[in-house]
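Chemist: Sequence first, then the predicted structure, then my questions.
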Amino acid sequence: QVHLVESGGGLVQAGGSLRLSCAASGPRFSVHIMAWFRQAPGKERAFVAAIGTSDTGTEYGGFVKGRFAISRDDAMQTVYLQMNNLSPEDTAVYYCAAMEVGTWAREYDYAYWGQGTQVTVSS
């Protein structure tokens, strides 16, 4: 069982930056694929980014366009999402998720989810 807790959300002006963190507890963090999803009001949850295990790479949603970067620290059992050049369209609740195997961008493959952290970008 993996327990995930997000932090780092808040209110930021357009063009600003935020760094989200997701602290994991439980066994075998290093073998889990970690991801970020987001859900804006009235919209379905959308894939933001994922990072594999043992330097297997990263994947990003199409809207990211080089603005976000996902990273992980297995020693700290934490995954990060650095978000730059934010726009009001990035306003959403951001969720951290974990799985051992599956399709990286498919939310239904993820077994573990955090409670979410709110990101609000003002214009």
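Modeler: Arrived safely, thanks for sending. Since the structure is predicted, the reported quantities are computational estimates derived from the model, not experimental observations.
Chemist: going forward, measure contacts between C-alpha atoms and count neighbours the same way
Modeler: OK.
Chemist: List of residues touching stretch 70-81?
Modeler: By Cα atoms under 8 Å, 6 or more residues apart in numbering, the surrounding residues in contact with stretch 70-81 are 19-25, 29-30, 34, 36, 49-51, 58, 68-69, 82.
Chemist: out of the residues you listed, which are buried?
Modeler: In these, burial by neighbour count holds for 19-24, 29-30, 34, 36, 49-51, 58, 68-69, counting by 16 or more other Cα atoms under 10 Å.
Chemist: Strands - which of those land there?
Modeler: 19-24, 34, 36, 49-51, 58, 68-69 (DSSP state E).
Chemist: mind checking pLDDT for the residue nearest the centre of the chain?
Modeler: In the chain, the residue lying closest to the centroid (Cα atoms, centre = their mean) is Trp36, at 2.1 Å. Looking at Trp36, its pLDDT is 98.
Chemist: Enumerate every residue touching it.
Modeler: Per Cα under 8 Å, 6+ apart, neighbours of Trp36: 47-50, 81, 94-97.
Chemist: The nearest residue to Leu86 once chain neighbours are set aside: how many residues sit nearby?
Modeler: Spatially, and ignoring its direct neighbours in sequence, Leu86 is nearest to Gly15 (4.9 Å; Cα to Cα, 6 or more residues apart in numbering). Here the count is done by other Cα atoms under 10 Å, and Gly15 has 14 residues near it.
Chemist: all strands for the protein, in order.
Modeler: Using DSSP E, strands in the chain cover 3-7, 10-13, 18-25, 33-39, 46-51, 58-60, 68-73, 78-83, 92-99, 112-113, 117-122.
Chemist: shaky segments in the protein?
Modeler: For the chain, no stretch has pLDDT under 70.
Chemist: what's the distance between Tyr112 and Ala97?
Modeler: 5 Å (Cα to Cα, to the nearest Å).
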